[in-house]
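Colleague: sequence first, then the predicted structure:
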Amino acid sequence: MEIKKFRSAYGLELIPASHEGIMLGDLVWDPVLGPPSFSRKGMPNTIFTAFLDAELISEKEWTAMQDETRDAVFKMAHFASRTVQVDVEFLNELQHPKIGRIRGEFLTRHVRKFTFGNLQVREMDDLSRVRIDHYLEMMKANKWQEYDGRIRRVHMITELYYGTIRLVIEKQYGAELEAILKQSDLKASQISEGTHATEYEFSHDNVPFAMRIERIRTFNG
């Protein structure tokens, strides 16, 4: 349910099983039918690999295109609010590497608020979009079988969203969380203590929590 709520609220896809290897240009399957899938047997995992498999680009060009998207700069993300809140009940399904190092029972019982803050985005630039559109048109014209059977029904990541992780817990559970953090070698970048609650903030370490995807079939550079 959280995935659908997030999509409706922000027009983006929440990434349940996120990791730092998710990049612009990656292909995504069936996002409407639950959690998105980043791989499918016999299918390319990025749009650039699809072009390489179709012999539209060389390995050198493939490497260059991957490097360009990997080096996309971080920009401030323009949301209506400065933070994005996620329901606490969903935290055990949100397989973010840092959240996964905190015990599930503690998350569901003691975390009162969970948000992503200091929001940033990495976007596919216009030149990359035009180049991808050009190769897609070539596939449609000359490699229809590969186009239709391999990538026509999938989506592509064109924006990735990052944010510092913020947990708010009641002060009485602070010692328990500190013990968990020490045991898992997880360090908070900032701790803010209030009268009754404490906020712990963790850096995103280049791991996105959300993405914008566009359908390959209707992609326009």
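Modeller: Great, that's in hand.
Colleague: for this structure, what helix or strand is lowest in average pLDDT?
Modeller: Between all helices and strands in the chain, the lowest mean by mean pLDDT, DSSP states H and E belongs to helix 144-146, at a mean of 74.
Colleague: same for it, what does it pack against?
Modeller: Counting contacts by 3 or more C-beta pairs under 8 Å, 6 or more residues apart in numbering; DSSP states H and E, helix 144-146 packs against no other helix or strand. Every C-beta, even on glycine, is put in place using the N, C-alpha and C of the backbone.
Colleague: show me what counts as buried in the helix or strand following it.
Modeller: Next in sequence after helix 144-146, counting helices and strands by DSSP states H and E, comes strand 155-170. By neighbour count with 16 or more other C-beta atoms under 10 Å, strand 155-170 contains the buried residues 155-169.
Colleague: centre of the chain to the least confident helix or strand of the chain, how far?
Modeller: Computed by C-alpha atoms, centre = their mean, to the nearest Å, the chain-centroid distance of helix 144-146 equals 29 Å.
Colleague: ok, residues contacting the longest helix anywhere in the chain?
Modeller: Counting by DSSP state H, the longest helix found in the chain is helix 126-142. For helix 126-142, the surrounding residues in contact (C-beta atoms under 8 Å, 6 or more residues apart in numbering) are 24-25, 47, 50-51, 54, 56-57, 65, 68-69, 124, 146-147, 151, 156, 158, 216, 219-221.
Colleague: looking at those residues, which are in helices?
Modeller: Counting by DSSP H, the contacts of helix 126-142 place 47, 50-51, 65, 68-69, 146 in helices.
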